[in-house]
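Trainee: Give me a 3D structure for the following:
(one chain, ligands or ions: 1)
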Amino acid sequence: MELGLVGLGKMGGNMRTRLREAGHTVVGFDFNPDVTDVPTLEALVEALPAPRVVWVMVPAGDPTRKTVEALADLLGEGDLVVDGGNSKYTDDQAHAELLAERGIGFVDCGVSGGVWGLQNGYALMCGGSPDDVAKVQPAFDALKPADGGFVHAGSKPGAGHFAKMVHNGIEYAMMQAYAEGWELLEAVDLVEDVPAVFDSWRTGTVIRSWLLDLLVNALEEDTHLEKLRGYADDSGEGRWTVEAAIEHAVPMHVIASSLFARFTSRQEDSPAMKAIAAMRNQFGGHAVHAGPPAGGDAG
Ligand SMILES: O=C(O)[C@H](O)[C@@H](O)[C@H](O)[C@H](O)COP(=O)(O)O
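Mentor: Now for the predicted structure:
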């Protein structure tokens, strides 16, 4: 099939390659002149035969919204937009509505696989009407791994990204569990080769997984992770998972806690723990550790 691909970064660039390797014709647009096939979004739309399919692979939030709004003006009746970024499912609902007013279809597609997707295929979770999904199926078939990794999660807009969001919540919790286990093994002077323990867990155990494989890779490169700072960002999906759990009164102990652990990682010092130390000191005269001098810095 022929399709347009907007956003040729780490994900989009590799996806263009995988689609082309499968024999599809891809016209890519990116603001980076080194990677783009066409100079403008208008040129991308003009280069495609109608009915057009344009896959958007840009960061969630404003960049995706602006791209969808621009495409709403450039595309027409019978065309289709796929949002393959990590958009929030509620954004999909707004985008689907805007595009539907112009007769343009919409499919939301959560994409998992990161930088390994080019080689291994991308797991795809999509939402949208069966007719719209069928129009993109040849591209989905080229992008997904050979032996599965595709789901049409629901016909309402946002179903795909909702599934991907929950996937990412689980990803947070799994990573947190491996990380805490690793910290404990490192902290106790008993197990002599911690990376070897993790490596052994990859075979036959109930906790083997690709995340475990990736942690073993990281430990092979840096046995005690000494080159890294204990700081973890988040891109939003963990927060949205917890927000959705709160909205639906779904207990979410572990995923919520793994999200908050990331926030903790960004603090040089804990304001909450200062308050706890102050109260222990007030009620029990328990010793406190002094902070840096007021107005000065720790150094
Ligand atoms: O399945 C995947 O391939 C990942 O989940 C991918 O989508 C991305 O690496 C995360 O969005 C990072 O998310 P955080 O920045 O929130 O950790």
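Trainee: How many residues are close by residue 88?
Mentor: By other C-beta atoms under 10 Å, 21 other residues sit near residue 88. All C-beta atoms are positioned from the backbone trio N, CA, C, and that covers glycine.
Trainee: so what pLDDT did the closest residue to it other than its chain neighbours get?
Mentor: Of all residues not flanking residue 88 in the chain, residue 240 sits nearest, at 5.4 Å (C-beta to C-beta, 6 or more residues apart in numbering). pLDDT recorded at residue 240 is 98.
Trainee: before we move on, what about residue 296?
Mentor: Residue 296 is given a pLDDT of 59.
Trainee: picking up where we left off before, how about the secondary structure of the residue nearest to residue 88?
Mentor: At residue 240, secondary structure determined by DSSP: H, G, I helix; E, B strand; the rest coil is helix.
Trainee: my guess is it meets residue 167, correct?
Mentor: No: with contact defined as C-beta atoms under 8 Å, residue 240 does not reach residue 167; the gap is 11.8 Å.
Trainee: Among those two, which residue is more densely surrounded?
Mentor: residue 240 (22 against 15).
Trainee: who touches that one in this structure?
Mentor: Residues in contact with residue 240, defined by C-beta atoms under 8 Å, 6 or more residues apart in numbering, are 88-89, 165.
Trainee: who's in contact with the spatially most central residue of the chain?
Mentor: Nearest to the mean C-alpha position of the chain, by C-alpha atoms, centre = their mean, lies residue 86 at 5.5 Å. For residue 86, the contacting residues are 59-60, 110-111, 161, 164, 168, 235-237, by C-beta under 8 Å, 6+ apart.
Trainee: 6 Å instead, please
Mentor: Listed by C-beta atoms under 6 Å, 6 or more residues apart in numbering, the contact set of residue 86 reads residue 60.
Trainee: That one belongs to a helix, doesn't it?
Mentor: No: using three-state DSSP, the assignment for residue 86 is coil, not a helix.
Trainee: Now do it against the ligand, distance only.
Mentor: For residue 86, the distance to the ligand equals 5 Å [C-beta to the nearest ligand atom, to the nearest Å].
Trainee: The residue of the stretch 151-299 of the chain found nearest the ligand in helix, strand or coil?
Mentor: Per C-beta to the nearest ligand atom, residue 235 is where the stretch 151-299 of the chain lies closest to the ligand, at 3.3 Å. Per three-state DSSP, the local secondary structure of residue 235 is coil.
Trainee: Over to residue 109?
Mentor: For residue 109, the assignment made with three-state DSSP gives strand.
Trainee: How about the contacts made by it?
Mentor: Contacts of residue 109 were listed using C-beta under 6 Å, 6+ apart, and they are 82, 84, 124, 126, 160.
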